[in-house]
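Student: can't give you the sequence, but here's the structure:
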């Protein structure tokens, strides 16, 4: 996931790195999101995290851009 159009999820925002994060849906339905050496990081709540495991309905930020896992 990132700003580069070749990503599976492309987000054209200047606060998102070209290759910002790695996303994986785990067998139990949770979402694994990990920072991919981005400049602006991955945030869960107010905390910058190297990775997080999210349940449906939880939100995360890539830089300044918010996402919700549904």
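Tutor: Sure, I can see it. Computed from a predicted structure; not experimentally measured. Residues are numbered from 1 along each chain as shown.

Student: can you pull out the strands in this protein?
Tutor: 21-25, 31-35, 42-44, 47-49, 51-54, 59-62, 65-68 (DSSP state E).

Student: how about the ones you listed in CSV, adding distance to residue 13 and mean pLDDT?
Tutor: Every residue, glycine included, has its C-beta placed from N, CA and C. Listed next are those as CSV, based on distance: least, Cβ to Cβ, whole Å; pLDDT from 0 to 100:
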stretch, distance to residue 13, mean pLDDT
strand 21-25, 13, 97
strand 31-35, 16, 97
strand 42-44, 14, 96
strand 47-49, 18, 96
strand 51-54, 20, 97
strand 59-62, 8, 96
strand 65-68, 5, 95
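
Student: any chance of TSV for those, columns mean neighbour count and distance to residue 8?
Tutor: Formatted as TSV, the strands of the chain follow (neighbours: other Cβ atoms under 10 Å; distance: least, Cβ to Cβ, whole Å):
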stretch	mean neighbour count	distance to residue 8
strand 21-25	15	8
strand 31-35	18	13
strand 42-44	19	16
strand 47-49	12	21
strand 51-54	16	17
strand 59-62	19	14
strand 65-68	13	14
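
Student: how much space separates the closest residue to residue 59 other than its chain neighbours from residue 28?
Tutor: Nearest non-adjacent residue to residue 59, counting by Cβ to Cβ, 6 or more residues apart in numbering: residue 68, 4.8 Å away. Counting by Cβ to Cβ, to the nearest Å, the separation of residue 68 from residue 28 is 19 Å.

Student: same question for residue 44.
Tutor: 18 Å.

Student: hang on, residue 50 packs against residue 33?
Tutor: No. Applying Cβ atoms under 8 Å as the test, residue 50 and residue 33 come out as separate, 10.2 Å apart.
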